[in-house]
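# I'd like to go over a predicted model; first the sequence, then the structure.
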Amino acid sequence: MTNTADTIEVPLYRAAHGRTGDKGDRSNISVIAWHAQLYPMLVEQLTPERVAAQFHHRSPSQVQRFLLPKLGAMNFVLDAVLDGGVNDALNLDAHGKALSFLLLDMPVRVPREFEPLLAGP
């Protein structure tokens with residue numbers, strides 16, 4: 001996907017949906033492709049390094065990615081992003097439920113041929 005004329009840039013939520021969970025100071029964010037054809041492109045672009053950069057303001061100590069190809073999904077585990085966890089955090093979203101929305105807002109490049117597979121406008 002090197003020729004940008006053959007791709008479009010869209011927010012990740014157009015290519016996938018997500019779920020967020022937490023345990024202590026650790027958040028996990030699942031990203032599930034809307035269509036199986038989009039999954040390889042998501043694996044290529046959603047690297048642990050890129051996800052860590054998206055959450056730079058939360059200063060994750062580590063970001064791990066677990067691929068679930070049969071489900072067309074991946075799970076990211078972000079350590080030290082919840083200000084100590086539910087019992088210690090003073091922020092409004094101590095569970096980190098909104099973190100999936102931050103990830104789903106990340107831009108991805110999609111081949112134009114896959115544009116009909118995207119959700120939303």
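Ah, there it is. In this text, all values refer to a predicted model and were calculated from it rather than measured experimentally.

# What pLDDT is listed against residue 89?
Note for residue 89: predicted pLDDT of 49.

# What of residue 97?
Looking at residue 97, the pLDDT reads 66.

# in the protein, which segments are predicted with low confidence?
Applying pLDDT under 70 to the chain flags residues 1-3, 83-97.

# Now do the SS call for the closest residue to residue 58 other than its chain neighbours.
Once flanking residues are discounted, residue 58 sits nearest to residue 81: 4.3 Å by Cβ to Cβ, 6 or more residues apart in numbering. (Each C-beta comes from the backbone N, C-alpha and C, glycine too.) Following DSSP: H, G, I helix; E, B strand; the rest coil, residue 81 is assigned to coil.

# tally of neighbours for residue 81?
Counted with other Cβ atoms under 10 Å, the neighbours of residue 81 add up to 22.

# Residue 56 is in contact with that one, correct?
No - between residue 81 and residue 56 there is no contact under Cβ atoms under 8 Å: 10.6 Å.

# still on that earlier bit, show me the contacts for the residue nearest to residue 58.
25-27, 55, 58-60, 96, 99 (Cβ atoms under 8 Å, 6 or more residues apart in numbering).

# If any of those residues are buried, give me the PyMOL selection for them.
This is the PyMOL syntax for the buried subset of those, where burial follows 16 or more other Cβ atoms under 10 Å:
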select buried, resi 25+26+27+55+58+60+96+99
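
# which of the contacts of residue 81 lies closest to residue 109?
residue 55 (20.1 Å; Cβ to Cβ).

# pretty sure the closest one is touching residue 102, no?
Yes - the criterion here is Cβ under 8 Å, and residue 55 meets it with residue 102 at 7.0 Å.

# Could you list everything residue 31 pairs with in the sheet?
Per DSSP bridges, the residues bridged to residue 31 are residue 18, residue 74.

# Quick one: residues contacting it.
Residue 31 touches 12, 16-18, 42, 46, 73-76, 103-104, counting by Cβ under 8 Å, 6+ apart.

# Which among the residues you listed count as buried?
Buried residues within the contacts of residue 31, counting neighbours by 16+ other Cβ under 10 Å: 12, 16-18, 42, 46, 73-76, 103-104.
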